[in-house]
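Take a look and give me a structure for this.
(one chain, ligands or ions: 1)
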Amino acid sequence: MLHGQFLCRIIYAFIYSKYLVLISLVNTSEFKNKVQGLPTYNRTKEDLIKNPQTWVITGVAGFVGSNLLEALLKLNQNVIGIDNFSNSSGNNLTSVQASIKENWSNFTFYEADIRNLDDCLKVCNGADFVLHQAALGSIPRSIANPIATNDSNINGFLNMLLAARDSNIRRFIYAASSSTYGDHPALPKTEDRIGRPLSPYAVTKYVNELYADVFGKIYGMETIGLRYFNVFGPRQSPNGAYAAVIPKWINSLLSGNACIINGDGSTSRDFCYIDNAIQANILAATSTNVNAVNQVYNVACGASTTLNELHQTLVRNIAKHNYQTIESKPNYQDFRNGDVLHSLADITKAKKFLGYNPLYSAEEGLKNTANWFIKNLNTKGS
Ligand SMILES: NC(=O)c1ccc[n+]([C@@H]2O[C@H](COP(=O)([O-])OP(=O)(O)OC[C@H]3O[C@@H](n4cnc5c(N)ncnc54)[C@H](O)[C@@H]3O)[C@@H](O)[C@H]2O)c1
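Modelled structure (predicted):
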């Protein structure tokens, strides 16, 4: 009898300890985010697989475009892509083809230019949704050559809007930018409080929002702007003068060079892993919430990382792979013209209206990204 009671107590203690572990897990914000974010997004993806749609992706050979392409082909969707390779090569498309294999035949590619209205009309023909990503990115590039940035980012944008209108596209989702917050000092950034633009690039991205808004009012078009905050991940180009910080630094670290930090490293950003941006695009295109359309949304994680922290995390992730020659001391240089010191998003609006919930923290995303680059740029690692 006593022996039985003792056994019961041991079983009880065992179950209770498992319960405590579960409760502590459930209480982490990361776990909550994942559990809350999954139902809407998973259901949306299941619906798309059952009922495939036709999507136009502009800038499909670029970083965000090629990742959207891969995600949509995996969901058995039909995709029409356009790119003029002005800031990309065919490498990202080859890489998607290798990862997709059989669904690749659902993809039609046009090497064409959104500055040409006929090209835009050609790609929009018969499509359901447009995910407009094509643009010349980079604030320094726009300062060096504002006309080129304006041509693709404003004239090209307007062509795509017109083509989408005349092709009766169901919804036009476009890549907006956190640069639209300009010199507004408030943190975190909420969608309705913006300042004055600090670069030609920021002007173009703001003009996109104004055009989209007017096309909604005048022509009844459904548009949604996604203000990306420093999106990063696999396939983002590490090359050229205008490369983004994360692929550029990973490349430097893998080749044993010091990373250049503009400023003292206290500059902070809301780094957003690509899978979160893909989620936002898919939810924005398919949302049945009538209040969600003709709006702009922050797409980020809602957490800030300084450049010094980013550097340390990348060094740590890459050092794990036995890179002997890693140069772990950064090289500090002057602050860059047109850059804001801090950027942090409030993502409440996207959560509320689109059911968006970032499933990857910056930390998890950086680990995946470093691993991807080590596999794909591998020269010296193990
Ligand atoms: N990556 C980020 O952190 C970030 C942040 C804010 C906004 N955005 C916006 O997101 C979108 C995608 O950015 P990305 O990082 O993938 O850039 P990217 O340069 O990798 O991709 C853009 C693609 O558009 C193509 N393109 C440019 N002009 C074109 C034209 N006239 N006709 C056809 N194709 C053209 C380029 O060749 C490139 O392949 C852009 O609109 C960018 O402004 C990106």
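
Now for the residue nearest to Arg196 when sequence neighbours are not counted: which residues touch it?
Among residues not flanking Arg196 along the chain, Gly182 sits closest, at 4.9 Å (CB to CB, 6 or more residues apart in numbering). No exception for glycine: its C-beta is placed from N, CA and C like everyone else's. Taking CB atoms under 8 Å, 6 or more residues apart in numbering, we find Gly182 in contact with 194-198, 202, 206, 340.

Residue numbers of the chain in contact with the ligand?
When proximity is defined by CB under 6 Å from any ligand atom, the chain lies next to the ligand at 59, 61-65, 82-88, 113-115, 133-137, 152, 156, 175, 177, 228, 230-231, 237, 244.

One more pass at 5 Å, please.
Contact residues, the chain versus the ligand (CB under 5 Å from any ligand atom): 59, 61-64, 83-84, 86-88, 113-115, 133-135, 137, 152, 156, 175, 177, 228, 230-231.

And those, which of them are buried?
Among the residues of the chain next to the ligand, those buried by neighbour count (16 or more other CB atoms under 10 Å) are 59, 61-64, 83-84, 87-88, 113-115, 133-135, 137, 152, 156, 175, 177, 228, 230-231.

taking these one by one, which sit in strands?
Those of those mapping onto strands are 83, 175, 177, 228, 231, per DSSP state E.

Figure out the helix or strand that Asp213 lives in.
Here Asp213, judged by DSSP states H and E, is contained in helix 200-219.

got the contact list for the closest residue to the ligand within the stretch 1-150 of the chain?
Per CB to the nearest ligand atom, Gly62 is where the stretch 1-150 of the chain lies closest to the ligand, at 2.0 Å. For Gly62, the contact set (CB under 8 Å, 6+ apart) comprises 83, 87-88, 92, 133-134.

can you rerun that using 7 Å?
83, 87-88, 92, 133 (CB atoms under 7 Å, 6 or more residues apart in numbering).

List the contacts of Asp346.
So Asp346 contacts 188-190, 298, 302 (CB under 7 Å, 6+ apart).

of all those residues, which comes closest to Met160?
Nearest to Met160, judged by CB to CB, of those is Asn298 at 22.2 Å.

Grab the nearest non-local neighbour of the closest one.
Distances taken as CB to CB, 6+ apart place Ala345 nearest to Asn298, at 4.0 Å, with adjacent residues excluded.

how close does the one you found get to the ligand?
Relative to the ligand, Ala345 is positioned 11 Å away (CB to the nearest ligand atom, to the nearest Å).

looking at it, that residue is touching Lys189, isn't it?
Yes: counting by CB atoms under 7 Å, Lys189 is a contact partner of Ala345 at 5.4 Å.

what sits in contact with each of the two?
Common neighbours of Ala345 and Lys189 (criterion: CB under 7 Å, 6+ apart): 178, 298.

re the thing from before, any chance of CSV for the ones in strands among the buried ones among the residues of the chain next to the ligand, columns pLDDT?
Converted to CSV, those look like this (pLDDT from 0 to 100):
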residue, pLDDT
Asp83, 98
Ala175, 98
Ser177, 98
Tyr228, 98
Val231, 98
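
Among those residues, list the two that are farthest apart in space.
Longest span within those, CB to CB: Asp83 and Ser177, 19.0 Å.

Apart from its neighbours in sequence, what residue is nearest Glu363?
Nearest in space to Glu363, with sequence neighbours left out and distances taken as CB to CB, 6+ apart, is Thr313 at 6.6 Å.

Make sure I have this right: that neighbour is in a helix.
Yes: checked against DSSP: H, G, I helix; E, B strand; the rest coil, Thr313 lies within a helix.

how much space is there between Glu222 and Gly338?
Note on Glu222: its distance to Gly338, by CB to CB, to the nearest Å, is 33 Å.

Pick out whichever of these two has more residues nearby.
Between Glu222 and Gly338, Glu222 has the larger neighbour count (other CB atoms under 10 Å), namely 21 against 17.

Contacts only, for the more buried one.
The neighbourhood of Glu222, defined by CB under 7 Å, 6+ apart, consists of 170-172, 293-294.

sorry, back to before: looking just at contacts, which helices and strands does the helix holding Asp213 meet?
Judged by 3 or more CB pairs under 7 Å, 6 or more residues apart in numbering; DSSP states H and E, helix 200-219 is in contact with helix 139-144, helix 146-150, helix 156-166, strand 171-177, strand 223-228.

State whether the residue nearest to Glu363 and Leu366 are indeed in contact, as I suppose.
Yes: counting by CB under 7 Å, Leu366 is a contact partner of Thr313 at 5.3 Å.

Which one of those two is surrounded by more residues?
It is Leu366, of Thr313 and Leu366, that has more neighbours when counted by other CB under 10 Å, with 23 against 17.

Now do the same contact list for the more buried one.
Contacts for Leu366 (CB under 7 Å, 6+ apart) come out as 313-314, 317.
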